[in-house]
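# Just to be clear, the model below is a prediction. Sequence and coordinates:
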Amino acid sequence: MISAKLAGAVILGVPLLLVAWVLLRRQARAVFWFAVALILVGLGYLAATGATDDIARRILPGSALQVLG
C-alpha cells in the first residue's frame, strides 16, 4: 500500500525527471540540478494543495492506495 500523496508525486515526478535528463543531458550539470530543484518545488506545491492525491486516485485503482485519516 502506498499513500495517494506519494503515489501522485511519483507519477508526476519520474516522467518529469526523465524529460529533464533527456533535454538537459548535454548542458552543464548545474542546469540539470536546477531543473530538479524546480521540479521538487512544483511537486511540493502540488502535494500541499492535494493535487497529487487527486492525480493518484484517477490513475491508480482504489485498492492500491492507502487511505490516511
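Received the coordinates, thanks.
# CA only for contacts and neighbour counts going forward, please
Will do.
# Show me the shaky parts of the chain.
Counting by pLDDT under 70, the chain has low-confidence residues at 62-69.
# Helices of that one, residue ranges please.
4-24, 29-49, 51-59 (DSSP state H).
# now these as JSON lines including mean neighbour count?
Shown next, in JSON lines, are the helices of the chain (neighbours: other CA atoms under 10 Å):
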{"stretch": "helix 4-24", "mean neighbour count": "16"}
{"stretch": "helix 29-49", "mean neighbour count": "14"}
{"stretch": "helix 51-59", "mean neighbour count": "17"}
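# Could you check how far residue 20 is from residue 5?
According to CA to CA, to the nearest Å, residue 20 and residue 5 sit 22 Å apart.
# So what touches stretch 45-52?
Stretch 45-52 is contacted from outside by 4, 5, 6, 7, 8, 9, 53, using CA atoms under 8 Å, 6 or more residues apart in numbering.
# With distance to residue 29 added, can I get these in CSV?
As requested, the contacts of stretch 45-52 are arranged in CSV below (distance: CA to CA, whole Å):
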residue, distance to residue 29
4, 32
5, 29
6, 27
7, 28
8, 27
9, 24
53, 32
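# from the residues you listed, which is closest to residue 59?
Taking CA to CA as the measure, residue 59 lies nearest residue 8 of these, at 8.7 Å.
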